[in-house]
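>>> coordinates for the following, if possible.
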Amino acid sequence: MRIALYQPDIPQNTGTILRLCACLGIEAHIIAPAGFPTSDRAFRRAGMDYLDAVALVRHSSWEAFATWRRAQGVRLLLFTTAATLSYLDYRYRADDVLLFGRESAGVPAEVHAAAEARLRIPIRPGLRSLNVAVAAAMAAGEALRQTAAEH
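Predicted structure coming up:
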């Protein structure tokens, strides 16, 4: 299982997601450019000492990530408020990449088009979205629950 962050722009959220990945044994991918330097104090503080325990892969651009993904032959699952399919109704595989967009802007159309599935975490009508770190934890929990026998 992998979590990928598309051009993250809030260091605290990224640090929290990297901590999640370290604790759950999930490989983390950051697709540049990020909206902050990864040496940023808030990023290090949010990730605490867990940043040294996470398997972190950095990609210099969307194109570099897409090339890596094609070479690996893994599915890309985009979590987005624009989706109609609930993340609870999807069948995950242990090698899936769970992709989360920028907190401020999501992902562009080309990224939407590249995903094998677009998944939504259902929330109450009239509310915009969950915090990306909360969404990543929910998605990872369900994907790991479903794939536990595959590990």
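
>>> need the helices for this protein, in chain order.
With DSSP state H as the criterion, the chain has helices at 11-24, 41-47, 62-72, 109-114, 132-147.

>>> return the most buried member of those helices.
Mean neighbours per residue, mean count of other CB atoms under 10 Å, is largest over the helices of the chain for helix 11-24, with a mean of 21. Yep, even glycine has a C-beta here, placed from its N, CA and C like the rest.

>>> where does the chain have low pLDDT?
Low-confidence segments of the chain (pLDDT under 70): 38-48, 149-151.

>>> dump the helices of the chain to CSV, plus distance to Leu78.
Output for these, formatted as CSV (distance: least, CB to CB, whole Å):
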stretch, distance to Leu78
helix 11-24, 15
helix 41-47, 23
helix 62-72, 12
helix 109-114, 6
helix 132-147, 11
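
>>> compare those helices and give me the one nearest Ala34.
Smallest distance to Ala34 across those (CB to CB): 7.2 Å, for helix 11-24.

>>> how distant is the closest one from the center of its chain?
Mean-position distance between helix 11-24 and its chain equals 10 Å (CA atoms, centre = their mean, to the nearest Å).

>>> quick one: that helix to helix 132-147, angle?
Going by axes from the mean of the first three to the mean of the last three CA atoms, to 10 degrees, helix 11-24 is angled at 20 degrees with respect to helix 132-147.

>>> tell me what helix 11-24 is packed against?
Counting contacts by 3 or more CB pairs under 8 Å, 6 or more residues apart in numbering; DSSP states H and E, helix 11-24 packs against strand 2-6, strand 27-31, helix 41-47, helix 132-147.

>>> 6 Å - rerun?
If you count contacts as 3 or more CB pairs under 6 Å, 6 or more residues apart in numbering; DSSP states H and E, helix 11-24 packs onto helix 41-47, helix 132-147.

>>> export it to CSV, keeping only CA atoms.
In CSV, the C-alpha atoms belonging to helix 11-24 read as follows (Å, rounded to 0.1, in the frame of the first residue of the first chain):
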residue,chain,number,x,y,z
PRO,A,11,3.5,21.1,6.1
GLN,A,12,1.7,20.0,9.2
ASN,A,13,-0.7,17.8,7.2
THR,A,14,2.2,16.3,5.2
GLY,A,15,4.1,15.6,8.4
THR,A,16,1.0,14.0,10.0
ILE,A,17,0.5,11.8,6.9
LEU,A,18,4.1,10.7,6.9
ARG,A,19,3.8,9.8,10.6
LEU,A,20,0.7,7.8,9.7
CYS,A,21,2.7,6.0,7.0
ALA,A,22,5.6,5.3,9.3
CYS,A,23,3.2,3.8,12.0
LEU,A,24,1.2,1.7,9.6
